[in-house]
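Peer 1: sharing a sequence plus its predicted fold:
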Amino acid sequence: MEALIAREIAPEPRQLSVVYNRADRIFRRIVTSGALTSLVLLGLIGVFLFVKSAQIFNDRGLSFITGSNWTAGSGDGVILDDFSIGPMLTGTILVSLIALIIAIPLSVGGALYLEFYAPFRIRKILTALLDLAAAIPSLIFGLWGLAVFTSFGERWSILLNSRFGWIPFIKVQNEVFGRSPFIAGCVLASLIVPIITSVTREVFSRTPRDLIDTCYALGSSRWGAIRTVVLPFGKSGVIGGAMLGLGRALGETVAVYLLLNIVFRYNFRILESEGGNIASLIATKFGEATQYELKALIAAGFVLFMLTLVVNMLAATIVQKSTVRK
Amino acid sequence: MSAVVIETNTAVPQPTTPWKQTRRNQIVSASTVAASVVIAVVIVLLTGLAGVDGWALTFLIVSLLVTAARAFKVDAKVRKEMFVSVAIFGTAALAFTPWMSIFASVVMKGARGFQPNFFVGDMRTTIPDDELNLGGAGHAIVGSIMMVLNATIITLPLGILSGVYLTEVRGRLTFLVRFVVQSMSGVPSIVAGLFIYVTFVNYTNSFSGLAGSFALAILMLPTVARTAEEVLKLVPDDLRSASYALGARQWRTSLLVVLPTVRSGLTTAAILGVARVIGETAPLLLTSLSSNSYVFNPLGGPISSLPTYVFGLLQIGTENATNRAWTGALVLMLLVFALFTTARFIGGKDRR
């Protein structure tokens, strides 16, 4: 009886409503249109690149992707224009994969060290340096690769070749070891390690502290806690970080331009000194391109744009999912 | 009488720190490291493994072996823990070595050309292989600063607007906008350059500083927008509620209450954006190119910038040209470093 009365007396929660007046509406419209610029810009990039290069896709169709020549015609019909990006596309993927395979374990190890093993003071210094390292221009990585890393990389290549030369993709045809996809991949790896490490560390640091403490209370070792709690929790963060790194590696121009011989031939031998990627192709050929070649370069840029867009959208989805789930 | 008894009973137990390393543990770890070093030195000297990398690798393997030898006496769990610790320390060292090496080599190799004339001179009458006290990169520094400033002027309002949209307005497209900003941050820099080339350079028929600024703005926007959003998220909701309770409309709340509280945070956003693009080379190769002398007019034809200056010298590749390139790299890195320190300083003030 008493409960009934109480229910009758309790007021209904008031319906909340938001009323925007004209000033508010104008404000919201301005802000919205500002926020939509990035959307429009992204769309415009895709549309413009596609429109400007439509002729190429029209002329060459699928052979633009699969063919392996980049020959500028002589203009008088003796040598015909023949532009296609097959080797550059596979080269892009090859170099990025090498970078990713090297970078992921290093980044996860680095992030685990920073988050769980490093003494407090060292962690603080290294985290600050890590942010800085993620902002080093890729030009400087290329410069470092050229002047410092190449000698190490060549020695490792010779070692790899002499021990594992029987594996098809490690075998070389010419015993010249500089400027190979392997070396470019190593430098790209050191370029994306800071990026992946900082994303991964961020996700690891969000692991609920009580879960880790529970592990310790149950008698687990530090590694036990990492294996059973931290890694499963941070898995999607690691994947998302790796995808971000991959996106960066796919579109890298200057470092690859400086470190790789651009040769138009399908090459999957990682120690051979030939290769290339789409971005460095554009940078190389842009200067003295004819009108038609320029269109082919824009088409190559469009392919690269779509490729990285897909990778980055995947990364954005994964990272967002992992940060929403607390 | 009874009071005395109670006092003795409620004596506060002293806190213990069982997780702290005892002196014995410290000695054991130190001796492990020492033993690894000694054995590694012996191995390197005997087998003739060369170079820094040979040393480091030998040391890593030897320390794993020494750990294994030490771990014989303890149970499986502790043994695994010891192994994993050494392995993680090793990978971390491997991950951090490249950029330590970069910091060191840029400072060492760049210091030689780090002279006053580098900041004022230009390359009009100097060929790249001249002595380092001739010529300089003043024109490139001025060009870089001008382009980045213009890019900031374009980007900052847009970035702030999308930050405000994501945190204050929260319209129907919130998810989409956040998603697009995220994926836009991965647009390859050369594609941004190509886009501006197709749309702007083609129509004005000349490479220019303004074209470079546009290309940089595309790359800068995601960074600024994301940082602005992060900063605006930190504004406590109480502040907004208080403003609404006093009768302010949304536009007044956003413009006069929320935005002023994050002024320094938005400065940080701008600085991080600048740090993101100051070293971009690829888009500038397609939009602003380079020149040998000072250019102050953003529409006055090709204009040099620090990254393209370094890049151009690298392609020449003679000894002094390379030295100049290293100095350029040093200046670039110092700029990034200064920007980051400023951002950290300002951002730290905001959080307090």
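Peer 2: Okay, I see it.

Peer 1: give me the number of residues near the residue found closest to residue B:255 once you drop the neighbours it is linked to in the chain?
Peer 2: Using Cβ to Cβ, 6 or more residues apart in numbering or on different chains and skipping the chain neighbours, the partner closest in space to residue B:255 is residue A:27 (7.6 Å). All C-beta atoms are positioned from the backbone trio N, CA, C, and that covers glycine. Residues contacting residue A:27 under the criterion other Cβ atoms under 10 Å in any protein chain shown number 22.

Peer 1: over to residue B:154?
Peer 2: Neighbours around residue B:154, by other Cβ under 10 Å: 18.

Peer 1: what's the following helix or strand after the helix or strand bottoming out on mean pLDDT in chain B?
Peer 2: Least confident helix or strand of chain B, by mean pLDDT, DSSP states H and E, is helix B:2-9 with a mean of 54. Sequence-wise, the next helix or strand downstream of helix B:2-9 (DSSP states H and E) is helix B:23-47.

Peer 1: neighbouring contacts of that next one?
Peer 2: B:21, B:49, B:54-55, B:58-59, B:62-63, B:65-67, B:70 (Cβ atoms under 8 Å, 6 or more residues apart in numbering or on different chains).

Peer 1: next up, the contacts around the residue nearest to residue B:255.
Peer 2: Contacts of residue A:27 by Cβ under 8 Å, 6+ apart are B:250-251, B:254-255.

Peer 1: residue B:65 now?
Peer 2: residue B:39 are the contacts of residue B:65 under Cβ under 8 Å, 6+ apart.

Peer 1: so residue A:55 makes contact with residue A:294?
Peer 2: No: in this structure residue A:55 lies outside contact range of residue A:294 using Cβ atoms under 8 Å: 10.9 Å.

Peer 1: of these two, who's got more company?
Peer 2: More crowded of residue A:55 and residue A:294, by other Cβ under 10 Å: residue A:294, with 20 against 14.

Peer 1: just want the angle from the lengthiest helix in chain B to helix B:23-47.
Peer 2: The longest helix of chain B (DSSP state H) is helix B:76-110. If you take axes from the mean of the first three to the mean of the last three Cα atoms, to 10 degrees, helix B:76-110 sits at 60 degrees to helix B:23-47.

Peer 1: does chain A have contacts with helix B:76-110?
Peer 2: Yes: residues of helix B:76-110 contacting chain A under Cβ under 8 Å from any Cβ of the partner chain: B:77-78, B:80-81, B:84-85, B:87-92, B:94-96, B:98-99, B:101-102, B:105-106, B:109.

Peer 1: returning to that earlier point: between the contacts of helix B:23-47, which sits nearest residue B:163?
Peer 2: residue B:21 (45.8 Å; Cβ to Cβ).

Peer 1: for that closest one, grab the count of nearby residues.
Peer 2: With other Cβ under 10 Å as criterion, residue B:21 counts 11.

Peer 1: what's the distance between the spatially closest residue to it that is not a sequence neighbour and residue B:89?
Peer 2: Counting by Cβ to Cβ, 6+ apart, residue B:29 is the residue found nearest to residue B:21 once chain neighbours are left out, at 7.8 Å. Distance from residue B:29 to residue B:89, counting by Cβ to Cβ, to the nearest Å: 11 Å.

Peer 1: more neighbours: those two, which one.
Peer 2: A direct count of neighbours by other Cβ under 10 Å for residue B:29 and residue B:89 places residue B:89 higher, at 17 against 14.

Peer 1: show me where chain A has its strands.
Peer 2: A:70-71, A:82-83 (DSSP state E).

Peer 1: where in the stretch 51-200 of chain B is pLDDT low?
Peer 2: Along the stretch 51-200 of chain B, the model assigns pLDDT under 70 to residues B:51.

Peer 1: and the closest residue to residue B:105 other than its chain neighbours, how many neighbours?
Peer 2: With sequence-adjacent residues excluded and distances taken as Cβ to Cβ, 6+ apart, residue B:105 is closest to residue A:148, at 5.2 Å. Residues lying near residue A:148 (other Cβ under 10 Å) number 18.

Peer 1: quick one: contacts for residue A:148?
Peer 2: Residue A:148 touches B:101-102, B:105, counting by Cβ under 8 Å, 6+ apart.

Peer 1: and the pLDDT at it?
Peer 2: Residue A:148 is assigned a pLDDT of 90 by the prediction.

Peer 1: do the same with residue A:75
Peer 2: pLDDT, residue A:75: 72.

Peer 1: next one: residue A:314
Peer 2: Residue A:314 is given a pLDDT of 86.

Peer 1: and for residue B:350?
Peer 2: 49.

Peer 1: sorry, back to before: following element in sequence after the longest helix of chain B, please.
Peer 2: Going down the chain from helix B:76-110, the next helix or strand is helix B:116-120, by DSSP H and E.

Peer 1: and the contacts of that following helix?
Peer 2: Everything outside helix B:116-120 that qualifies as a contact, by Cβ under 8 Å, 6+ apart, is B:132-138, B:141, B:324, B:327, B:331.

Peer 1: turn those residues into a markdown table, including secondary structure and distance to chain A.
Peer 2: Listed next are the contacts of helix B:116-120 as a markdown table, based on DSSP: H, G, I helix; E, B strand; the rest coil; distance: Cβ to the nearest Cβ, whole Å:
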| residue | secondary structure | distance to chain A |
| --- | --- | --- |
| B:132 | coil | 17 |
| B:133 | coil | 22 |
| B:134 | coil | 22 |
| B:135 | coil | 19 |
| B:136 | coil | 19 |
| B:137 | coil | 14 |
| B:138 | helix | 19 |
| B:141 | helix | 15 |
| B:324 | helix | 12 |
| B:327 | helix | 11 |
| B:331 | helix | 11 |
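
Peer 1: mind showing which ranges of the stretch 201-326 of chain A have poor pLDDT?
Peer 2: Those would be A:322-326, if you go by pLDDT under 70 across the stretch 201-326 of chain A.

Peer 1: what sits against whichever residue of it sits closest to chain B?
Peer 2: At 2.5 Å from chain B, residue A:251 is the closest residue in the stretch 201-326 of chain A, using Cβ to the nearest Cβ. Neighbouring residues of residue A:251 by Cβ under 8 Å, 6+ apart: A:279, A:304, A:308, B:186-191.

Peer 1: go again with 10 Å.
Peer 2: By Cβ atoms under 10 Å, 6 or more residues apart in numbering or on different chains, the contact set of residue A:251 is A:92, A:96, A:138, A:277-279, A:304-305, A:307-308, A:311-312, B:186-192, B:282.

Peer 1: now the buried members of those residues.
Peer 2: A:92, A:96, A:138, A:277-279, A:304-305, A:307-308, A:311-312, B:186-192, B:282 (16 or more other Cβ atoms under 10 Å in any protein chain shown).

Peer 1: in helices only, show me those residues.
Peer 2: Of these, the ones assigned to helices by DSSP H are A:92, A:96, A:138, A:278-279, A:304-305, A:307-308, A:311-312, B:189-192, B:282.

Peer 1: farthest-separated two in those?
Peer 2: Spanning the widest gap among these are A:96 and B:192, at 18.9 Å by Cβ to Cβ.

Peer 1: re the thing from before, just the buried subset of the contacts of helix B:23-47, please.
Peer 2: Buried among these (16+ other Cβ under 10 Å): B:54, B:58-59, B:62-63, B:66-67, B:70.

Peer 1: need the nearest residue in space to the closest residue to chain A within the stretch 1-150 of chain B, chain neighbours excluded.
Peer 2: Chain A sits closest to residue B:91 of the stretch 1-150 of chain B, with a gap of 2.8 Å, by Cβ to the nearest Cβ. Nearest non-adjacent residue to residue B:91, counting by Cβ to Cβ, 6+ apart: residue A:109, 2.8 Å away.
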